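J.: pasting the sequence and the predicted coordinates here, then a few questions.
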Amino acid sequence: MYAQALDQKDKAPSRIEDPVKLAAFEAHCAADDKIEPKDWMPEAYRRTLVRQVSQHAHSEVIGMQPEGNWVTRAPSLKRKAILISKIQDEAGHGLYLYSAAETLGVSREELNDQLLAGKAKYSSIFNYPTLTWADIGTIGWLVDGAAIMNQIPLCRTSFGPYSRAMIRICKEESFHQRQGYEAVMVLARGTPEQKAMAQDALNRWWWPCLMMFGPPDAVSEHSETSMRWRIKRFSNDALRQKFIDATVPQAHFLGLTIPDPDLRFNEASGHWEIGAIDWDEFKRVLAGEGPCNRQRMKVRRAAHENGAWVREAALAHAEKRARRKQAAALQAAE
Amino acid sequence: MTPTPLLTYTLRLADNALVLGHRLSEWTAHAPTLEEEIALANLALDLVGQARMLYDYAAKIEGKGRREDDFAFLRDDRAFLNVLLVEQPNGDFAATMVRQLFFAAYAQPFYAALAGSKDETLAAIGAKAEKEMAYHLRHAGEWVIRLGDGTEESHARAKAALDDLVIYIDELFEVDAGDRALIEAGIAVDPAKIRPAFDKALGEILDEATLALPKVSHAHRGGREGLHSEHLGPMLAEMQVLHRAHPGAEW
């Protein structure tokens, strides 16, 4: 899945960078060359990437919760296996992304502490509840669909480890998106109750998914430098529009209605136009007042705390082994 | 009509796999590390996969048009034939890993032997499952060693898990008249023959973990005949609720 808030303002004081190094760096970016961990980079670039990559990693980890809510109630063995496997992929994405962030000189523990302390953000979408089984298919179809729109350009982002992680992640995300769409299709063509379930899920997830692309370009901060440094490659509105144009016909094909009375196709532009997005809701959810923000953090903290003794045991055992090995080596040498 | 010994045999294996796989899947989003999140999902997926193959075969043996989901979602707990060990709640991570160790130390040699069954389907399932259970055994074994020979707290928790779960080991090796006939026909595995491998694997692991298998005053049994602990009912209620709420629906 996906992290947003790519437009968060960089609040740290800007450092005066060496103009020669900066010019070389920018030329590198402009030529679409990759920046690797040991290359020189401006401090603001490093900071922006640590924030973006770690937010993305946190989103993968928190995103396991809403889907995990249905693992034990999945309605068939096939769906149960698919869902376990999808969530497992998300844990894997979290791992690659934390590893990519670590190449920038920050540890997974530090990043995790920031998340648990409420200092780091994750995608707003995971603060919505999964109320019915149809939400699981809908998340695959829409949330993963939106994630792909955002992440395909990130496969070409300037920072090498992030871009390589994204290539693998995108392959898995597009698989999840197809599986999700197929799951919704089965519901849409199923019993009247199943179809109603699919429509209800679309009604609840449509607008939050459009918000995943972040605030409109007119008020989006911080884009210009990110664009120049090839951290970001398309504007929020451009990606959102791409998603809408791809998704509306998919919904129609399923016989489902997009919950937007203002939705219309503009023949001249060839694009679907939507009604107003409730940006107050978006701000509220980002500020911690979504339906599940508190619950998600509580569960994550509990998992971390309940696992502390396990992690301590693993470390203690590894140290014991290392000591024994050393002692045996010494004895052999004598 | 009473089910044939082969149907009962296959359903017992399937139910063991499904119930344990389901229990492991309950860890989703709650594991102690991200790596273990992935590992637990893998173990769960192997077991659910084994259950699906076995239910599919049970459906063929029975020949009444039932499908895998009918067995998983439309039977009550009294009809489930899994051993008591696999339905025990996850407890803490030590309890989950000790339960997994017991099961894998039995299932690995069991499926290795089943791969030589005269029943071609069971033999094929055995060959696949044996490889999976070998790494379940390695994974759970490594954790029990870390926990036993880790900190004071982890040792105490691992010991408590052994105390709680040791009473369920013997049921894994039970044989009834139906099994006996299948063993004589070269179809089923004789559990007495795999017990030494189980004892050896467990002994080596517990030894390295600085733990010991507690004495069993009374081995608990009954799951194989549908007499379960109180834990299975609520687990199945949760697992089956959606499927049962929409009779006949496809998912």
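T.: Sure, I can see it.

J.: what's the following helix or strand after the lowest-mean-pLDDT helix or strand in chain A?
T.: When the helices and strands of chain A are scored by mean pLDDT, DSSP states H and E, helix A:223-228 comes last with a mean of 80. Remark: after helix A:223-228, the chain's next helix or strand is helix A:236-254, criterion DSSP states H and E.

J.: which residues sit against that next one?
T.: A:7, A:141-142, A:145-146, A:149-150, A:153, A:181, A:184-185, A:188, A:198, A:202, A:209-210, A:213-217, A:220, A:223, A:257-258, A:263, A:271-272, A:274 (Cβ atoms under 8 Å, 6 or more residues apart in numbering or on different chains). C-betas here are computed from N, CA, C, even on glycine.

J.: assign a three-state SS to A:R156, would you?
T.: Look at A:R156: counting by DSSP: H, G, I helix; E, B strand; the rest coil, its state is coil.

J.: how close does it sit to A:M166?
T.: The gap separating A:R156 from A:M166 is 9 Å, by Cβ to Cβ, to the nearest Å.

J.: follow-up on the earlier one: who does the least confident helix or strand of chain A touch, helix- and strand-wise?
T.: helix A:19-30, helix A:43-62 (3 or more Cβ pairs under 8 Å, 6 or more residues apart in numbering or on different chains; DSSP states H and E).

J.: 6 Å - rerun?
T.: Counting contacts by 3 or more Cβ pairs under 6 Å, 6 or more residues apart in numbering or on different chains; DSSP states H and E, helix A:223-228 is packed against no other helix or strand.

J.: SS state for the nearest residue to B:D176 once chain neighbours are set aside?
T.: Spatially, and ignoring its direct neighbours in sequence, B:D176 is nearest to B:R224 (7.4 Å; Cβ to Cβ, 6 or more residues apart in numbering or on different chains). Following three-state DSSP, we place B:R224 in the helix state.

J.: measure B:R224 to chain A for me?
T.: With distances taken as Cβ to the nearest Cβ, to the nearest Å, B:R224 is found 22 Å from chain A.

J.: if we can go back for a sec, export the least confident helix or strand of chain A to PDB, keeping only CA atoms.
T.: Output in PDB follows, covering the C-alpha atoms of helix A:223-228 (Å, rounded to 0.1, in the frame of the first residue of the first chain):
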ATOM      1  CA  SER A 223       6.400  20.200  -4.600                       C
ATOM      2  CA  GLU A 224       8.800  22.200  -6.600                       C
ATOM      3  CA  THR A 225      12.000  21.100  -5.000                       C
ATOM      4  CA  SER A 226      10.800  17.500  -4.800                       C
ATOM      5  CA  MET A 227      10.000  17.600  -8.500                       C
ATOM      6  CA  ARG A 228      13.400  19.100  -9.400                       C
END
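
J.: how far does that helix sit from its chain's centre?
T.: 20 Å (Cα atoms, centre = their mean, to the nearest Å).

J.: what's in contact with it?
T.: For helix A:223-228, the surrounding residues in contact (Cβ atoms under 6 Å, 6 or more residues apart in numbering or on different chains) are A:K232.

J.: and the longest helix along chain A, which residues are buried?
T.: In chain A, assigned by DSSP state H, the helix with the most residues is helix A:160-188. When burial is assessed from 16 or more other Cβ atoms under 10 Å in any protein chain shown, helix A:160-188 yields the following buried residues: A:160-163, A:165-166, A:169-170, A:172-174, A:176-177, A:179-181, A:183-188.

J.: what does stretch B:158-165 give?
T.: So, applying 16+ other Cβ under 10 Å, buried residues of stretch B:158-165: B:A158, B:K159, B:A161, B:L162, B:D164, B:L165.

J.: put together CSV for those residues, with secondary structure, distance to chain A and pLDDT on each row.
T.: Formatted as CSV, those follow (DSSP: H, G, I helix; E, B strand; the rest coil; distance: Cβ to the nearest Cβ, whole Å; pLDDT from 0 to 100):
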residue, secondary structure, distance to chain A, pLDDT
B:A158, helix, 9, 98
B:K159, helix, 13, 98
B:A161, helix, 13, 98
B:L162, helix, 15, 98
B:D164, helix, 17, 98
B:L165, helix, 18, 98
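
J.: closest one of those to B:T96?
T.: Using Cβ to Cβ, B:A161 is the member of the buried residues of stretch B:158-165 that lies nearest B:T96, at 8.3 Å.

J.: tell me how many other residues surround the residue of the stretch 101-250 of chain A found nearest chain B.
T.: The nearest approach of the stretch 101-250 of chain A to chain B comes at A:T191, 5.2 Å away (Cβ to the nearest Cβ). Number of residues near A:T191 (other Cβ atoms under 10 Å in any protein chain shown) recorded here: 14.

J.: please apply the same query to the one 3 residues further on.
T.: By the criterion of other Cβ under 10 Å, A:Q194 has 22 neighbours.

J.: I figured it hits A:V186, correct?
T.: No - judged on Cβ atoms under 6 Å, A:Q194 makes no contact with A:V186 at a distance of 7.7 Å.

J.: A:D245 - how many residues pack around it?
T.: 13.

J.: please list the residues of the stretch 101-250 of chain A that sit near chain B.
T.: Proximity of the stretch 101-250 of chain A to chain B, by Cβ under 6 Å from any Cβ of the partner chain, involves residues A:W133, A:G190, A:T191, A:Q194.

J.: let me have these in JSON lines, adding secondary structure as columns.
T.: Shown next, in JSON lines, are those (three-state DSSP):
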{"residue": "A:W133", "secondary structure": "coil"}
{"residue": "A:G190", "secondary structure": "coil"}
{"residue": "A:T191", "secondary structure": "coil"}
{"residue": "A:Q194", "secondary structure": "helix"}
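
J.: helix, strand or coil for the residue in the stretch 151-251 of chain B positioned nearest to chain A?
T.: Per Cβ to the nearest Cβ, B:S154 is where the stretch 151-251 of chain B lies closest to chain A, at 3.4 Å. Using three-state DSSP, the secondary structure recorded for B:S154 is helix.

J.: what sits against it?
T.: A:W309, A:A313, B:L147.

J.: run a quick neighbour tally on residue 149.
T.: Reading this off chain A. Count around A:M149 with other Cβ under 10 Å applied: 21.

J.: looking at chain B here, not the other one
T.: 19.

J.: in space, what's closest to it - neighbours in sequence excluded?
T.: Closest to B:D149 by Cβ to Cβ, 6+ apart is B:T210, at 5.0 Å.

J.: how close does the residue lying closest to B:D92 once chain neighbours are set aside get to B:G226?
T.: Of all residues not flanking B:D92 in the chain, B:R157 sits nearest, at 5.8 Å (Cβ to Cβ, 6+ apart). As judged by Cβ to Cβ, B:R157 and B:G226 stand 32 Å apart.

J.: who's in contact with the residue of the stretch 101-250 of chain B found nearest chain A?
T.: Per Cβ to the nearest Cβ, B:G150 is where the stretch 101-250 of chain B lies closest to chain A, at 2.9 Å. If a contact means Cβ under 6 Å, 6+ apart, then B:G150 has A:A313, A:A316, A:H317 as its contacts.

J.: can I assume it sits in a helix?
T.: No - secondary structure assignment (three-state DSSP) places B:G150 in coil, not in a helix.

J.: which residue is the nearest non-sequential neighbour of it?
T.: Closest to B:G150 by Cβ to Cβ, 6+ apart is A:A313, at 2.9 Å.

J.: off-centre distance for the helix or strand in which that neighbour is found?
T.: Assessed by DSSP H and E, A:A313 sits inside helix A:308-333. Helix A:308-333 sits 37 Å away from the centroid of its parent chain (Cα atoms, centre = their mean).
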